[in-house]
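**Q** Generate coordinates for the sequence data below:
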Amino acid sequence: MKSIRTFRLVKIVVLSITLLVTAGEGIAYAYLDPGTGSYVFQVLLAMLLGAFFTIKAYWQRLKIWLSSMLTKSSPDDDNRE
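**A** Purely as a prediction, here's the structure:
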């Protein structure tokens with residue numbers, strides 16, 4: 001329970017600092033090239049395909065790990081018999 005409170009506190013502190021830092025910024029006279037959007041799209045697509053490839057490469061290990069996690073008996077189950 002204490003870790004949940006700590007996580008909430010950290011989340012509030014990070015959000016507050018982020019808002020304070022970004023609220024003080026002025027106007028940015030910047031130019032984004034039209035190709036920037038396509039570059040961002042390519043990077044996101046590459047990340048997605050890389051994640052799919054990684055999952056495919058380790059699929060057997062992932063299935064074994066998940067099945068072992070789901071079929072483990074807890075100590076409470078042993079005491080009920």
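**Q** most centrally placed residue in this structure?
**A** Closest residue to the average C-alpha location of the chain: A51 at 12.5 Å, with C-alpha atoms, centre = their mean.
**Q** any idea which element it lies in?
**A** helix 35-57 (DSSP states H and E).
**Q** After that helix, which helix or strand is next?
**A** For helix 35-57, the succeeding helix or strand toward the C-terminus, using DSSP H and E, is helix 59-71.
**Q** neighbouring contacts of that following helix?
**A** For helix 59-71, contacts defined as C-beta atoms under 8 Å, 6 or more residues apart in numbering pick out I55. C-beta here means a position set from N, CA and C on the backbone, and glycine is covered the same way.
**Q** 10 Å instead, please
**A** With C-beta atoms under 10 Å, 6 or more residues apart in numbering as the test, helix 59-71 has contacts from T54, I55, K56, Y58.
**Q** could these be laid out in a markdown table, adding pLDDT?
**A** Converted to a markdown table, the contacts of helix 59-71 look like this (pLDDT from 0 to 100):
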| residue | pLDDT |
| --- | --- |
| T54 | 90 |
| I55 | 88 |
| K56 | 89 |
| Y58 | 88 |
